[in-house]
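> Attaching a predicted model along with its sequence, questions to come.
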Amino acid sequence: MVTRLILSGVRALIVVLMSLAAFLAVPPASADPAGGARITDIQHVTDRWDKVSVYSPSMNAVIVNDVFKAPKSGAPTFYLLPGIDGGDNLDPGVSFAPGTKSWFGMTDIQGFFANKNVNVVSPLGGQFSWWTDWVNDPTRQYQTYMTKELPPLINAQYKANGRNAVGGLSSTGGTAIDYAVQAPGTYRAVGSYSGFLTPSDPQSAQQISLTLSTGGLSGENMWGPLAGPGWVQHDPTQNVGRLKGVAVYAAASDTGDVGAVDRLPDGFGPNITGGFIERIVADSTRRFADTAKAAGIPVTYVARPQGSHTWGLFESEMQESWNSTIGPALGA
């Protein structure tokens, strides 16, 4: 296992992910869903791990996606979003190859899903994008990519059954839930792993704006004026009524305390930055769960006693979401 790293910077809500292997190029299958999205290349890393390059017409860009293939055709698909770093290294003093700090590197995707009949897909890139559609930046249209462009291609290439779920960590935890709000029917299950679920709250909007500013970007270019109508539109807590019929999982650590779940090196000491971030997202997650409960919307809500916004915590939350909520919803 690759060593779990903490997120650096209180404002950055940064995530940390794995190393790539050498791969062999193979020709992609042809597929062309609405808008001209298409697979441009497929590289084999192992017999079940592909790196699939997809042209996104909405962004006029090629996105690379890690794919762990189901052992049999006719399987559902579980998408896992990257965090604020998009899979690249943003931590000073630490060296990783581009795209290597990903779900496929920092967690045991291949071991956990080895005997499960599901395709696991994790796109790379999109630093400081929140993996959403930006109102003032045509190069950041990631919601369109994840709800309209990518799923049809994966379904066709891997003979999937069209039942989809999506999870996100830290900055993309709220985005994963928001996809079910913005594109009803695309994802039948969603998961937030220590995510931000109250973005339109004025204080939350300011925190997100500060995070984006560390990447040289403006929060107003994402969803318009801070805490305004665009932010409310993408706020899972403000839109819980639109999650009816969706299987929802949301977890965070109440304390932010370092624990065995973090899998940090011996002698690492307190994770002050990660713990601070985790307490912020835990409060946001709790408010979302309380609002959903009041509205009569079922949510699997887990408040963990330990965890300090690390890959060990995210992996544990993802696995728990699969066992309790997402796997059953996909029939896998």
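Received, thanks. Predicted model, so just to flag it, every value in this text is computed and none were measured.
> so what secondary structure elements neighbour the one helix or strand residue 205 maps to?
Following DSSP states H and E, one finds residue 205 within helix 202-213. With contacts taken as 3 or more CB pairs under 8 Å, 6 or more residues apart in numbering; DSSP states H and E, helix 202-213 sits against helix 219-223. No exception for glycine: its C-beta is placed from N, CA and C like everyone else's.
> Return the helix it packs on as CSV; C-alpha atoms alone will do.
Extracted in CSV, the C-alpha atoms of helix 219-223 (Å, rounded to 0.1, in the frame of the first residue of the first chain):
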residue,chain,number,x,y,z
GLY,A,219,-15.3,31.4,-6.4
GLU,A,220,-17.7,33.8,-8.2
ASN,A,221,-16.6,32.4,-11.6
MET,A,222,-17.8,29.0,-10.3
TRP,A,223,-21.4,29.6,-9.3
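> helices or strands next to that helix in the packing?
helix 202-213, helix 229-233.
> Figure out which of the ones you listed is closest to residue 139.
The closest of the helices and strands packed on helix 219-223 to residue 139 is helix 202-213. By CB to CB, the value is 14.2 Å.
> What distance do you get for the residue lying farthest from the centre of the chain to residue 259?
For the chain, the residue at maximal distance from the C-alpha centroid (CA atoms, centre = their mean) is residue 267, at 29.6 Å. Shown here: residue 267 relative to residue 259, a distance of 15 Å by CB to CB, to the nearest Å.
> Residue 60 now?
In terms of CB to CB, residue 60 sits 44 Å off from residue 259.
> And for residue 84?
23 Å.
> Look at these two and report which has more neighbours.
The neighbour count for residue 84 versus residue 259, taken as other CB atoms under 10 Å, is higher for residue 84 (26 against 19).
> so the more buried one, which of the three states?
Using DSSP: H, G, I helix; E, B strand; the rest coil, the structure places residue 84 in coil.
> doesn't residue 146 fall inside a helix?
Yes: counting by three-state DSSP, one finds residue 146 located in a helix.
> Quick check on residue 119: phi, psi?
phi -90, psi 130 (degrees, to the nearest 10).
> I meant residue 143, not that one.
phi -60, psi -40.
> Please apply the same query to residue 50.
The phi and psi torsions at residue 50 (degrees, to the nearest 10) take the values phi -110, psi 150.
> most residues in a single helix of the chain, which one?
Longest helix in the chain, counting residues (DSSP state H): helix 272-294.
> Just the buried positions in stretch 126-142, please.
Buried residues in stretch 126-142, defined by neighbour count with 16 or more other CB atoms under 10 Å: 126-134, 140-142.
> again but with stretch 142-156, I slipped
Across stretch 142-156, burial judged by 16+ other CB under 10 Å covers 142-155.
> if we take the residues you listed, which one ends up nearest to residue 251?
residue 146 (21.1 Å).
> List the buried residues of stretch 321-332.
Those would be 321-322, 324-327, 329-330, 332, for stretch 321-332 by 16+ other CB under 10 Å.
> Can you give me the first-to-last residue distance of it?
13 Å (CA to CA, to the nearest Å).
> what's in contact with that stretch?
When contacts are defined by CB atoms under 8 Å, 6 or more residues apart in numbering, stretch 321-332 is touched by residues 75-76, 78, 112, 116-118, 163-165, 167, 188-189, 191, 193, 247-249, 251, 300.
> Swap in 6 Å and give it another go.
76, 117-118, 163, 165, 188-189, 191, 247, 249, 300 (CB atoms under 6 Å, 6 or more residues apart in numbering).
> Of these, which is the nearest to residue 43?
residue 118 (21.1 Å).
> Just give the closest residue to that closest one, not the sequence neighbours.
residue 332 (4.7 Å; CB to CB, 6 or more residues apart in numbering).
> next one: residue 285
residue 252 (4.3 Å).
> wait, isn't that neighbour in contact with residue 281?
Yes: applying CB atoms under 6 Å, one finds residue 252 in contact with residue 281, separated by 5.1 Å.
> Pull up the overlap in contacts between the two.
residue 194.
> Just say helix, strand or coil for residue 192.
The three-state label given to residue 192 by three-state DSSP is strand.
> what about the closest residue to it other than its chain neighbours, which helix or strand?
Leaving aside its sequence neighbours, residue 192 sits nearest to residue 173 (CB to CB, 6+ apart; 3.4 Å). Using DSSP H and E, residue 173 sits within helix 173-182.
> any residues touching that helix, and which ones?
Residues outside helix 173-182 that contact it (CB under 6 Å, 6+ apart): 81, 130-132, 147, 166-168, 187, 190, 192-193, 195-197, 234, 236, 239, 242-243, 246.
> Then stretch 248-262?
190-192, 194, 271, 275, 278-279, 281-282, 285, 289, 299-304, 306-308, 310, 312-313, 316-317, 321, 325.
> In this structure, mark out all the strands, start to finish.
Using DSSP state E, the strands of the chain run over 24-26, 38-44, 49-56, 61-68, 77-80, 119-123, 164-169, 189-193, 247-253, 300-304.
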